[in-house]
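Enquirer: Everything below, folded, please.
(2 chains)
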Amino acid sequence: AQKVTQAQTEISVVEKEDVTLDCVYETRDTTYYLFWYKQPPSGELVFLIRRNSFDEQNEISGRYSWNFQKSTSSFNFTITASQVVDSAVYFCALTLNNAGNMLTFGGGTRLMVKP
Amino acid sequence: NAGVMQNPRHLVRRRGQEARLRCSPMKGHSHVYWYRQLPEEGLKFMVYLQKENIIDESGMPKERFSAEFPKEGPSILRIQQVVRGDSAAYFCASSLTGGISGYTFGSGTRLTVV
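Expert: Presented below is the predicted three-dimensional model:
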């Protein structure tokens, strides 16, 4: 069975601070995909990134960056120079590489960015 | 190119009533997944359907909940005799082949049971 743990339930930062959201996963499969989603106060799920297990390169997209480390089963997400609009709940998720892919979600991290 | 459409966005039901949630997948997608998000929690898988077939319902509560995806029309998640504990956000996702390709979530339906 798969498991995703987001140990930080809530983080509060002041605008312009950098913040890292942790994600640790468990799976016995060697082929899998990892995701990050943002859920703003309006409630929808906003896709941020998908990474497969064979691609350990870190990724940067604007102020967002992701650090994937198979050795520690972690897929952490960093927001640089945070902004108030980044305030949301962020979910990390895992799925296996087979048909009928269901996503296993972590419990989410609520990020509050104060002006 | 419409995404995954869920309606209604908000649904209020009294205890004991039935709730019907609809999900129209992206054009060309024939695989649908339903997830439930209880307050302050992450999403939990409920059921996976292809057209006219339930493939995996391992996450569905044993009673009162059912899902269908007919040959024509949207997928329906049906909750009979709703209770307060059913209050949650219900999300639908669709994919092209059942795999990762094009896996897309709808905006969700927020069910409130009063």
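
Enquirer: and residue A:110, how far is that from chain B?
Expert: Here the distance between residue A:110 and chain B works out to 9 Å (CB to the nearest CB, to the nearest Å). Where you see a C-beta, it was placed from the backbone N, CA and C, and this is true even at glycine.

Enquirer: what sits against the nearest residue to that residue once chain neighbours are set aside?
Expert: The shortest distance from residue A:110 to any residue other than its chain neighbours is 4.5 Å, reached at residue A:10 (CB to CB, 6 or more residues apart in numbering or on different chains). Neighbouring residues of residue A:10 by CB atoms under 8 Å, 6 or more residues apart in numbering or on different chains: A:109, A:110, A:111, A:112.

Enquirer: Check the gap between residue A:10 and chain B for me.
Expert: Applying CB to the nearest CB, the value for residue A:10 to chain B is 10 Å.

Enquirer: so what's residue B:64 up against?
Expert: Residue B:64 touches B:79, B:80, B:81, B:82, counting by CB under 8 Å, 6+ apart.

Enquirer: which stretches of the chain have low pLDDT?
Expert: Assuming you mean chain A. For chain A, the stretches flagged by pLDDT under 70 are A:98-100.

Enquirer: was after chain B, sorry
Expert: Looking along chain B with the criterion set at pLDDT under 70, you get B:1, B:101.

Enquirer: what does it have sitting close to chain A?
Expert: Taking CB under 8 Å from any CB of the partner chain as the contact definition, chain B meets chain A at B:31, B:33, B:35, B:41-45, B:48, B:55-56, B:59, B:89, B:91, B:93, B:95, B:97-100, B:103-105, B:107-108, B:110.

Enquirer: one more time with 7 Å, if that's ok
Expert: B:33, B:41-43, B:45, B:48, B:55-56, B:89, B:91, B:98-100, B:103, B:105, B:107-108, B:110 (CB under 7 Å from any CB of the partner chain).

Enquirer: and these, which are buried?
Expert: Neighbour-count burial (16 or more other CB atoms under 10 Å in any protein chain shown) is assigned, among the residues of chain B next to chain A, to B:33, B:42-43, B:45, B:48, B:89, B:91, B:98-100, B:103, B:105, B:107-108, B:110.

Enquirer: Contact partners for residue 106?
Expert: All of this is about chain A. By CB atoms under 7 Å, 6 or more residues apart in numbering or on different chains, residue A:106 lies in contact with A:4, A:5, A:6, A:23, A:91, A:92, A:93, B:42.

Enquirer: wrong one, I was asking about chain B
Expert: Going by CB under 7 Å, 6+ apart, the list of residues near residue B:106 reads B:4, B:5, B:6, B:23, B:91, B:92.

Enquirer: what pairs with residue A:60 across the strands?
Expert: Beta-bridge partners for residue A:60, by DSSP bridges, are residue A:65.

Enquirer: and residue B:67, backbone torsions?
Expert: Note on residue B:67: its backbone torsions stand at phi -140, psi 150 [degrees, to the nearest 10].

Enquirer: List the beta-bridge partners for it.
Expert: Where residue B:67 sits in a bridge, its partners, by DSSP bridges, are residue B:77.

Enquirer: likewise residue A:24?
Expert: Going by DSSP bridges, residue A:24 forms beta bridges with residue A:5, residue A:74.

Enquirer: Contact residues of chain A facing chain B?
Expert: So chain A meets chain B at A:33, A:43-45, A:91, A:95, A:99-103, A:105-108 (CB under 7 Å from any CB).
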